[in-house]
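Participant: Sequence plus predicted model, see below.
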Amino acid sequence: MFSWASPSLVKLMSNDTDVNPLGRPITSFEESLIASISTLGSVVGTLLSGIIAEKIGRKKTLTIFSAPFFLCYLIIANASEVFIFYITRFILGLASGCVLSLLPSYVGEISENSNRGSLGSVFGIMNSLGNFLVFAVGPLVSIKTFAYILMVPVTLFFVTFIPFVPESPYHFLSKDNEKAAGKSLKKIRCHENFEKELLCLQDIVKEAKDNKVTLKDLFSSAATKKGLLVCCGLFLFQQSLGIGVIMTYLQPILDASGNAVPSNTASLLIGIIQVISCIVATFVVDSLGRKILLHISSAGCSISLFALGTYFILNEHNYNLESIFWLPLASLIAYFTFFNFGYATIPWSLCGELFSINVKSLCASFASCLCLILSFLVTLLFPLLRDAFGMGGVFCVFSALGVLASVFVILFVPETKGKSFLEIQNELSGKPKKYSEVYDCS
């Protein structure tokens, strides 16, 4: 949804009425608002999702908030006024914000200790496949045709998700429905010996109920405060690495670099690299661990952004860059590869791992909300920063923030690989291990 702007803004800025449904090129302000307003809508989605999910469950909430995708793309297909793009992009952002904040918690609750990291990375793979679809098809078809095409994955989601995917057993237990929780857990486990895990989950939910917190009490728990520090810090650096800007303005960035490879082809190549790197990351996240991958991701993105920024600075000063014409595309490929190994999925996964059941939805919504506010601000301000400091200056600032991100990971991020929820909570609060010796929830 967020990468939709990359090929679409090029068409909306065109004077060609055959490709621009508005009949005129959009202004810089309209460009900025269309690109960023979806993230503003996502803030609203994250605030609503936690409240609704606690009432009706994760699955029903995800189903309800998925319907706007179909309706909005249908409206976009027939849009001829710029305000229609504002409204639909805002609503799409609202729906996306709900999905982004709920999916990590849902995946964390239905997965096992041994595969939680891998399943969390699937989120990144699906996101990369969506970006690949945008980069592969978006530049080749009209905005109207593209909107109809994007309705197909939404339809497939409803066909597969509603009948086959169960509600989280945690939700049923929180509503004192042990029978439904047992059925749900049995459906998502390949082994028959799930009763012991159900007992473990019952204890976790019981403890959460006995320790209910209000918004005021949220910051009195050492484990919750540290979890919020880690998740909010990672989301801060995730957006400081410029992912929202690069995804939204990828084609304009490639065009501005003067790259020999056409921007459409380069975008497609980057989309392929995204998918491959996310798939590889899925297989290594549970073997290498979250912390080392985040450290590699921070350092790799920082170096890639510095190379890209240096190229633009030299280009802005009219240096002859024919011998390194390949550098912008190579830097972007490296950037997306390193980003997908860490920051694309792990911050979201940690939202589902670092918080106890009684505060998980609230904390995940808070962290996701912060992430999306930062994304909105960075994306909205990018044209102004670009005009003030140049494209190269902006990317060098992103690079410097990547160095700080690496330091943050080393100092504050705990390793959760192979650990149960209770082990993670004990580590965050500084308590000795005690529950993992009694129950094996894996």
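Facilitator: Yes, it's here. Please read all numbers here as calculations on a predicted model, not as lab measurements. Numbers count the residues shown, from 1 in each chain.
Participant: Can you name the residues that contact Phe306?
Facilitator: For Phe306, the contacting residues are 395-396, 399, by C-beta atoms under 8 Å, 6 or more residues apart in numbering. (Glycine included, C-beta is placed from N, CA and C.)
Participant: Okay, helices next: where are they in the stretch 151-300 of the chain?
Facilitator: 169-174, 178-188, 195-210, 222-240, 243-248, 250-257, 263-288, 290-316 (DSSP state H, counting those that start in this stretch).
Participant: Make sure Pro166 is actually in contact with Ile188.
Facilitator: Yes - between Pro166 and Ile188 there is a contact at 6.1 Å, judged by C-beta atoms under 8 Å.
Participant: Give the residues shared as contacts by these two.
Facilitator: Residues touching both Pro166 and Ile188 (C-beta under 8 Å, 6+ apart) are Ile110.
Participant: Which single helix of this structure contains the most residues?
Facilitator: helix 360-412 (DSSP state H).
Participant: Put the alpha carbons of stretch 158-176 into CSV.
Facilitator: Extracted in CSV, the C-alpha atoms of stretch 158-176 (Å, rounded to 0.1, in the frame of the first residue of the first chain):
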residue,chain,number,x,y,z
PHE,A,158,-10.7,-13.3,2.4
VAL,A,159,-10.9,-16.6,0.7
THR,A,160,-8.0,-18.1,2.7
PHE,A,161,-8.0,-16.3,6.0
ILE,A,162,-11.6,-16.4,7.1
PRO,A,163,-12.3,-20.2,6.7
PHE,A,164,-8.8,-21.6,7.6
VAL,A,165,-7.1,-19.4,10.1
PRO,A,166,-8.2,-19.7,13.8
GLU,A,167,-8.5,-17.1,16.5
SER,A,168,-5.6,-16.8,18.9
PRO,A,169,-5.9,-19.2,21.9
TYR,A,170,-4.8,-16.3,24.1
HIS,A,171,-7.9,-14.4,23.2
PHE,A,172,-10.2,-17.3,24.1
LEU,A,173,-8.4,-17.8,27.4
SER,A,174,-8.7,-14.1,28.2
LYS,A,175,-12.5,-14.5,27.8
ASP,A,176,-12.4,-17.7,30.0
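Participant: distance of Lys360 from Val141?
Facilitator: According to C-beta to C-beta, to the nearest Å, Lys360 and Val141 sit 41 Å apart.
Participant: Of those two, which one has the most company?
Facilitator: For Lys360 and Val141, the more surrounded residue by other C-beta atoms under 10 Å is Lys360, and the numbers stand at 26 against 15.
Participant: That one and Tyr106 touch, don't they?
Facilitator: No - taking contacts as C-beta under 8 Å, Lys360 lies outside contact range of Tyr106: 10.2 Å.
Participant: what residues do these two have in common as contacts?
Facilitator: Among the neighbours of Lys360, those also in contact with Tyr106 (C-beta under 8 Å, 6+ apart) are Gly352.
Participant: Need the per-residue pLDDT for Gly271.
Facilitator: For Gly271, the model assigns a pLDDT of 85.
Participant: That one: what's it in contact with?
Facilitator: 128, 131-136.
Participant: Show me how to select, in PyMOL, the buried members of those residues.
Facilitator: Remark: buried members of those, expressed as a PyMOL selection using 16 or more other C-beta atoms under 10 Å:
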select buried, resi 128+131+132+133+134+135
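Participant: if we take the contacts of Gly271, which one ends up nearest to Ala35?
Facilitator: Ranking the contacts of Gly271 by separation from Ala35, with C-beta to C-beta as the measure, puts Val134 on top at 13.7 Å.
Participant: nearest spatial neighbour of that closest one, skipping sequence neighbours?
Facilitator: Counting by C-beta to C-beta, 6 or more residues apart in numbering, Ser3 is the residue found nearest to Val134 once chain neighbours are left out, at 4.5 Å.
Participant: can you check Arg386 too?
Facilitator: Distances taken as C-beta to C-beta, 6+ apart place Val394 nearest to Arg386, at 5.8 Å, with adjacent residues excluded.
Participant: Now do the residue of the chain positioned farthest from its centre against Ser263, distance only.
Facilitator: What lies farthest from the middle of the chain is Asn320; by C-alpha atoms, centre = their mean that is 37.9 Å. For Asn320, the distance to Ser263 (C-beta to C-beta) stands at 22 Å.
Participant: what do you get for Val413?
Facilitator: 36 Å.
Participant: do the same with Ser49
Facilitator: Between Ser49 and Ser263 the computed distance is 35 Å (C-beta to C-beta).
Participant: So for these two, which sits in the more crowded spot?
Facilitator: When neighbours are counted by other C-beta under 10 Å, Ser49 and Ser263 differ, and Ser49 comes out ahead with 30 against 22.
Participant: and stretch 383-399, how far from the chain's centre?
Facilitator: Here stretch 383-399 shows a centroid-to-chain-centroid distance of 23 Å under the convention C-alpha atoms, centre = their mean, to the nearest Å.
Participant: Now do the buried residues in it.
Facilitator: For stretch 383-399, a neighbour-count test (16+ other C-beta under 10 Å) marks 383, 386, 390-399 as buried.
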